[in-house]
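Q: sequence first, predicted coordinates after that:
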Amino acid sequence: MNYLKSLVLVLLLLGAMAMRAPAPNPDAVLGVWKNGEGTGMVQIFKRGDKYFGRIVWLKVPNNPDGTPRTDANNPEEKLRKQPLRGLENMRDFTYSGENKWEAGKIYDPKNGSDYSCEMTLVDDNTLEVRGFIGVSLFGRTDVWKRQVKKAPATK
């Protein structure tokens with residue numbers, strides 16, 4: 001009878017361990033992600049304890065004349081000639097737990113605007129990126145798909 005009680009106890013403990021949530025992983029967001037439109041890919045990387053993103057691929061990388069596309073809509077005239085590929089368009093995200101990164105900024109080169117932003121990792125390959133003005137309620141969420149897992153860290 002003691003054997004049966006021990007077996008039940010072991011099975012209960014194993015079941016409880018299996019149901020336990022995985023340990024939080026602040027670096028789970030690292031990698032290369034394709035935006036919802038499929039027009040670009042952003043590499044999310046870590047610098048210090050903050051997370052950043054840079055454009056690493058564009059579906060249309062060049063202008064009709066063959067020159068690389070630039071940040072033509074940037075409100076700062078001196079930055080309008082910088083190439084879009086390599087542009088750091090996400091910055092200063094902090095991991096807040098529960099697969100969420102907050103307090104960041106995202107720059108949209110289509111209109112030259114900066115937005116507050118938060119990211120939520122839905123699963124290993126799905127990232128919800130929400131840009132907003134003021135409060136998160138007034139914004140737009142884009143669903144990104146992972147292309148490459150964990151890109152190298154950048155200093």
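A: Arrived safely.
Q: which one is N125 nearest to, not counting chain neighbours?
A: R146 (4.2 Å; CB to CB, 6 or more residues apart in numbering). (Each C-beta comes from the backbone N, C-alpha and C, glycine too.)
Q: how close does that neighbour get to N25?
A: Using CB to CB, to the nearest Å, one gets 14 Å for the distance from R146 to N25.
Q: try L79
A: From L79 to N25 the distance is 34 Å (CB to CB).
Q: and the two? Which one has more around it.
A: L79 (14 against 11; other CB atoms under 10 Å).
Q: confidence score at the more buried one?
A: Looking at L79, its pLDDT reads 96.
Q: tell me the contacts of it?
A: By CB atoms under 8 Å, 6 or more residues apart in numbering, L79 lies in contact with D71.
Q: quick check on it: phi, psi?
A: phi -100, psi 0 (degrees, to the nearest 10).
Q: mind checking which helix or strand of the protein has the lowest mean pLDDT?
A: helix 2-19 (a mean of 45; mean pLDDT, DSSP states H and E).
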